[in-house]
Every structure is written in structure tokens, then in C-alpha cells.
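Novice: Kindly return the folded structure for what I paste below:
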Amino acid sequence: ATVKKSAAAKKPTTAKKPAATKRKANRSPVDHTASGICQPCGNVPDGNGGLNQPAPYIVEYSKTGRATCRTCDNRIAKGELRVGHTPLFRGKPGYMVFRHLHCTVFSEEIVCAEDVENYADLTDEDYVLLAKQVEISKEKIKEEMEELSPDELV
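Specialist: From the prediction side, this is the model:
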């Protein structure tokens, strides 16, 4: 006679670590427009052209310490905030590459921090850092556009 084990007996339960305070997606987000950190997104319903496309950038805490920043070539430590995106390779999405938050320059399509995927999973302090980096990226792109003269484009 075979003895069947119950599902609870097969998998031992492990104690979970206490989670850090996260921004809840169902909770109303803190209004950062009053402080000037993030500007309202305007008429774009989902932040990606209204076509339910995946967000071009994703922000998360590093799961392991193995990822390398594509800007500074330093390791991204476990638990450190990182930004990932999938660059195009021959017109098709390639593999996910990661950068430190402070090494990332977001493209023009990122208008505010809410345009970055997983922003709701960040702590309030990290959300503020993300919003500031989006603003810094806008300034860097603006500076690059001003530096080009028409003679350089030929």
C-alpha cells in the first residue's frame, strides 16, 4: 500500500523577511507635482503612447550582485536600485541591459517617473531619486540638442 503525503508535508514553510515600506499600487501615490519633482504626464493614458506597449524602462532592486552597469562597467550590488531596458538589435528587441540609476539617461519618451515600469514597488526615498534622475535626463538631452549646430549635422 502506498502512502500519499499531503501537499503541506512536501514543502517546508520558510519564514519571510520583513518587507521594506513600499509604495502600494492600490494606494494613491504621493503627489510630487506640487514639489516640482514630477510633472503631470498629460494626455497619454498609459505613458507608452496609449497602445498598451511595454514600458521602455524598468526600475527594480537588483536580485543578485552579478549584473554589470553598461555605462560605468561596475557591478550592481544586490539590493541596489537599477534601471533596465531592452535595446533594439537589428530592429528587434535584444536582451535586457542594466544601469545604475545615477548612470541612466532616460530617453525623451520618459516624461515623468510614472512612465518607468515598476515605479510603484519603490520606497518613497527611491521614488524621489527616480523622479530627480528623470529630470536630470531631460536636462542632459536638452543640452545635447543645443550643442549640435547645423554644420555638425552635415
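Novice: And for the closest residue to K78 other than its chain neighbours, the neighbour number?
Specialist: In this structure, K78 finds its nearest non-sequential neighbour in G65, 4.2 Å apart by CB to CB, 6 or more residues apart in numbering. In short, each C-beta sits where N, CA and C put it, glycine included. Neighbour count for G65, taken as other CB atoms under 10 Å: 11.
Novice: and G65, what is it in contact with?
Specialist: R75, I76, A77, K78 (CB atoms under 8 Å, 6 or more residues apart in numbering).
Novice: Ok, E60 next?
Specialist: L81, R82, G84, N118, D121.
Novice: which one of the contacts of G65 has the most neighbours?
Specialist: Neighbour counts for these (other CB under 10 Å) peak at I76, which has 24 neighbours.
Novice: Can you find which helix in this protein contains the most residues?
Specialist: helix 124-147 (DSSP state H).
Novice: Low-confidence stretches in this protein?
Specialist: 1-55, 147-154 (pLDDT under 70).
Novice: returning to what we had before: which helices and strands does the longest helix of the chain pack with?
Specialist: Contact partners of helix 124-147 among helices and strands, from 3 or more CB pairs under 8 Å, 6 or more residues apart in numbering; DSSP states H and E: strand 81-85.
Novice: now the strand it packs on and helix 124-147, what's the angle there?
Specialist: Following axes from the mean of the first three to the mean of the last three CA atoms, to 10 degrees, one obtains 50 degrees for the angle between strand 81-85 and helix 124-147.
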